[in-house]
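[1] Kindly generate the corresponding structure for this input.
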Amino acid sequence: MGGYFKMSENINPKRILIGKAGLDGHDRGAKYVAHILRDAGYEVIYTGIRRSPEQIVGSAIQEDVAVIGLSFLSGAHIGLSERVLMLLKEQEASDIIVFCGGVIPEADIPALKEMGIREVFTPGTSDKIIVEKVNGLFK
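    Alright, predicted model coming up:
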């Protein structure tokens, strides 16, 4: 990866958890995002496939992450994102920022953002844009 991915030396690395909620077993995109964020200087925790929202939120709190990235291919992005956000609120961890990505119809993006998802990355989003937008979550 090119040098433009490096975060400023004076920024402490933020921890990001990447999770695959639901029964979706396809994780190529999630691993790709984890890799580029790690190359950008973030500390990334990947939970693996087929995790429940409860497992993802529990891991995020235990690992003291600043951000959760949810990856979807199954079509369950609305319900699972809503559940993750609800659990964060119940656990008094609403300060954890949530973004999602994967095969998400453009028509669903406004609903996801309205419920509190900060960014949505669809197939074809460049690694540079992902890093820039994730960096922007901390401003």
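
[2] Nearest the geometric middle of this structure, what residue?
    By C-alpha atoms, centre = their mean, the mean C-alpha position of the chain lies nearest to residue 69, the distance being 0.9 Å.

[3] Quickly find the element holding the closest residue in space to it that isn't next to it in sequence.
    Distances taken as C-beta to C-beta, 6 or more residues apart in numbering place residue 18 nearest to residue 69, at 4.6 Å, with adjacent residues excluded. Bear in mind the C-beta positions are built from the backbone N, C-alpha and C, glycine included. For residue 18, the host element (DSSP states H and E) is strand 15-19.

[4] in that strand, what's buried?
    In terms of neighbour count (16 or more other C-beta atoms under 10 Å), strand 15-19 has its buried residues at 16-19.

[5] Which elements pack onto that strand?
    When contacts are defined as 3 or more C-beta pairs under 8 Å, 6 or more residues apart in numbering; DSSP states H and E, strand 15-19 packs onto helix 28-39, strand 43-46, helix 53-62, strand 67-72.

[6] which of those is buried the deepest?
    Most buried of these, by mean neighbour count (mean count of other C-beta atoms under 10 Å): strand 67-72, with a mean of 25.
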